[in-house]
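[1] Turn this into a structure:
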Amino acid sequence: MKKKVAQLFLLPAILVAFTANSQQTPSTWESLESRPVPEWYTNAKFGIFIHWGLYSVPAWATNSNADGFGSNYAEWYWERLNNTKLKIHKEFVDFQNRVYGPNFKYPDFATLFKAELFEPSKWAQIFKEAGAKYVVLTSKHHDGFALWPSREAWNWNAVDMGPHRDLAGDLSKAVKDAGLHMGFYYSLYEWYNPLYKTDVSKYVDQHMLPQLKDIVTRYQPDVIWADGDWDHSDTVWKSRSFIDWLYNESPVKNTVVTNDRWGTGNKHYGTFNSTEYGKGNAGLHKPWEECRGIGESFGFNRNENLEQYQSSKSLVHMLIDIVSRGGNLLLNIGPAADGSIPVIMQQRLKDMGDWLKVNGDAIYGTTAWKDKPLQSDSTIRFTRKGNTLYAIATTWKEVLTIKGIKKASGIKMLGVPGKLSFQPAAGGITIRAPQITPGNNPSPYAWVYQIDGAL
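    Numbers count the residues shown, from 1 in each chain. So this is what the prediction gives:
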């Protein structure tokens, strides 16, 4: 009898222990992957990436990538000063010594990072006028300097030092007030954090995870864009546990999206796959996003010249190509340390926005034309929205031949009044372009044909 009573008392304890352990076990990657992708992200197509921090003070790197991946990335300035294995190391050290002196150390840049011209509402307006639908700011790059009052980065953040201002919070509010989605880039590792160098497990538990949860609960972003994951597996970073919390318990569980940089090895995790400057694979099986700078660096690089910058035309064509393949473009700008956005970057964004004001229907909320046959003409890209097909010509043509369409109920060029004539052709249709002059040209970089009822 006593044995049975003891067993009865043990049973609830076992159940409680089992329940507690079950709650502590994060969801599998497969179940996290099955979460529906928030519609706002798949519809957005175009976002603004911002690399801004202490590296924006020297704002310098080599202006070519001849030494390998990222040798012209100005945001890697501190690491390049110390990485004697790279051929470009001496160039960075020579620049540092010549401009700032041999006794001036990277942390000293905090006193020069003042952001005195930073107007978050002006930034947000520039991004909105560019036609972007979301913004991703580097909350903390690999140097560990935080752009918000992070408790874990005491005296190494923008409130305790430098600008003495919550840069992340101020921009987040302005971006949301402008009707755009706000997100944050976050580097998992830090080059010279003593805790990271000595005990990665403690770093993850006491520094990284608390910072990530703080920025989510504090600002409620719709994007968490991880980076700096390559030193360790997702198990070491405890990525699955964090994303489980993010998707199921956080205040943004229904709207947030994440990229795929959460550990070495299999990159199946995250809402979308990320590619950089054309590197990496992109397919239609999962949302994907291409990120790159207007120039060849993410952080502002004063050493770049005009030839390193993409033209407005090439950026519009890049957006068209990426969206036609089912992706999003996250186009980076590198503000100066004073908080101003370089005028050349503003000009490029304005030109993109002007094109999107006329042709945005062919970009936002579209999908790739998955069932299209191979087109022999590489200067035409396609997007689709329901029964409407958009043919986007990146060079002017008097006559377009679109293969794979049996019929259409009507065709027009966006920005031009009236319908266009079209005729059946072998395996498709031909469209005659409208009469366009320099005075009534709706789009200087590419022209969109809206094909309604395309079958």
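
[2] quick one, strands of the stretch 251-400 of the chain?
    Ranges of strands in the stretch 251-400 of the chain, per DSSP state E, counting those that start in this stretch, are 257-258, 273-276, 288-293, 327-333, 367-368, 380-385, 388-393, 399-403.

[3] So for Ser34, which of those sits nearest?
    With CB to CB as the criterion, Ser34 lies closest to strand 257-258 of those, at 14.2 Å. For every residue, glycine as well, the C-beta is placed using N, CA and C.

[4] residues in contact with the closest one?
    For strand 257-258, the external contacting residues (CB atoms under 8 Å, 6 or more residues apart in numbering) are 37-38, 41, 183, 222-226, 243, 246, 270-272.

[5] Just the buried subset of the residues you listed, written out for PyMOL, thanks.
    Restricted to buried positions by 16 or more other CB atoms under 10 Å, the PyMOL selection for the contacts of strand 257-258 reads:
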select buried, resi 38+41+183+222+223+224+225+226+243+246+270+271+272
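
[6] Which ones among the contacts of strand 257-258 lie within strands?
    Counting by DSSP state E, the part of these found in strands is Gly183, Val223, Ile224, Trp225, Ala226.

[7] from those, which single one is nearest Gln347?
    Proximity of the ones in strands among the contacts of strand 257-258 to Gln347 (CB to CB) peaks at Gly183, which lies at 24.5 Å.

[8] On the pLDDT front, check Leu349 for me.
    The model reports Leu349 with a pLDDT of 98.

[9] That one is in contact with Ile333, isn't it?
    Yes - judged on CB atoms under 8 Å, Leu349 makes contact with Ile333 at a distance of 7.4 Å.

[10] any shared contact partners between these two?
    Common neighbours of Leu349 and Ile333 (CB under 8 Å, 6+ apart) are Ile48.

[11] Can I get the contacts of strand 257-258 in TSV including distance to Thr379?
    Converted to TSV, these look like this (distance: CB to CB, whole Å):
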residue	distance to Thr379
Val37	31
Pro38	33
Tyr41	29
Gly183	33
Asp222	35
Val223	33
Ile224	37
Trp225	32
Ala226	36
Ile243	41
Leu246	42
Gly270	33
Thr271	32
Phe272	28
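
[12] Out of the contacts of strand 257-258, flag the one nearest to Cys291.
    Trp225 (8.5 Å).

[13] show me what contacts the closest one?
    Neighbouring residues of Trp225 by CB under 8 Å, 6+ apart: Val136, Gly183, Phe184, Tyr185, Tyr186, Thr258, Asn259, Arg261, Ser274.

[14] tell me which strands and helices the helix or strand containing the first one is in contact with?
    Following DSSP states H and E, the helix or strand that holds Val136 is strand 134-140. Judged by 3 or more CB pairs under 8 Å, 6 or more residues apart in numbering; DSSP states H and E, strand 134-140 is in contact with helix 39-44, strand 46-50, helix 167-177, strand 181-187, strand 223-227.

[15] Apply 7 Å and report the result again.
    Counting contacts by 3 or more CB pairs under 7 Å, 6 or more residues apart in numbering; DSSP states H and E, strand 134-140 packs against strand 46-50, helix 167-177, strand 181-187, strand 223-227.

[16] would you turn these into CSV with distance to Ile436 and mean pLDDT?
    Below are the helices and strands packed on strand 134-140 laid out as CSV (distance: least, CB to CB, whole Å; pLDDT from 0 to 100):
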stretch, distance to Ile436, mean pLDDT
strand 46-50, 25, 98
helix 167-177, 36, 98
strand 181-187, 35, 98
strand 223-227, 39, 98
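
[17] Just the pLDDT at the nearest residue to Lys238 once chain neighbours are set aside, thanks.
    Excluding the flanking residues, the one nearest Lys238 by CB to CB, 6 or more residues apart in numbering is Val204, at 5.6 Å. We have a pLDDT of 98 for Val204.

[18] Now do the phi/psi pair for Val204.
    phi -60, psi -50 (degrees, to the nearest 10).

[19] and Leu420, what is it in contact with?
    With contact set as CB atoms under 7 Å, 6 or more residues apart in numbering, Leu420 has these partners: Ile411, Lys412, Met413, Ile431, Arg432, Pro434.

[20] so how many other residues sit close to Ile126?
    Using other CB atoms under 10 Å, Ile126 has 20 neighbouring residues.
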